[in-house]
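S.K.: build me a model:
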Amino acid sequence: MRIPYTRLQMAEPWVAFGNEDFEWLPLLDVQLGQGRTKPSYSLEVLVDTGSSLCLFRADLGRLIGLDVEAGAMQEIGGVTTNQTEPAYFHTVKLYIARSWTVRIKAGIVETLQWAGILGRRGFFDKFAVRFDHSVSPPMFDLERIPQIQ
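M.R.: Residues are numbered from 1 along each chain as shown. The predicted structure follows:
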């Protein structure tokens, strides 16, 4: 599946890059669910090779019926607006671009800047992703990795 990046308007232009006032980001259309509950509405989440974890905002976890604080707690930092913040880990269903459904372990946090972030544990271990910046807009290719049972 080939997916174009999303153009994000910047509040302040990139002075170092000719005053560009936008950024291209690899965002993926997903839904979040658990058990037999109805999945969330469609979310644009960031595909982030720099994140070791998959993370979602706590309001989305509650929307799909999670008791957020009942998950295994781990302090995390780097992507939240605080120095560190508790992330509560739950197994959830990730519905990807109306093509695939996978179960992942995701951290649920209160102050995440995005609806969600797809990282190495839970996403990149299930999907091969190829980023292509040679075209405009940039694109990324997504392919499911066959799982060995």
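S.K.: first-to-last residue distance for stretch 15-31?
M.R.: End-to-end distance of stretch 15-31 (C-alpha to C-alpha, to the nearest Å): 36 Å.
S.K.: rounded mean pLDDT for that stretch, please.
M.R.: Averaging pLDDT along stretch 15-31 yields 89.
S.K.: also stretch 63-70?
M.R.: Average pLDDT, stretch 63-70: 94.
S.K.: buried stuff in it?
M.R.: 63-64, 66, 68 (16 or more other C-beta atoms under 10 Å). Just so you know, the C-beta spots here come from the backbone N, C-alpha and C atoms, and that holds for glycine as well.
S.K.: which parts of this protein are helices?
M.R.: Ranges of helices in the chain, per DSSP state H, are 58-63.
S.K.: any idea which residue sits dead centre in the chain?
M.R.: residue 117 (2.5 Å; C-alpha atoms, centre = their mean).
S.K.: right, and it touches residue 46 too?
M.R.: Yes. If you go by C-beta atoms under 8 Å, residue 117 and residue 46 touch, sitting 5.0 Å apart.
S.K.: from residue 61, how far out is residue 145?
M.R.: Distance of residue 145 to residue 61, computed by C-beta to C-beta, to the nearest Å: 26 Å.
S.K.: what about residue 46, how many residues nearby?
M.R.: 21 (other C-beta atoms under 10 Å).
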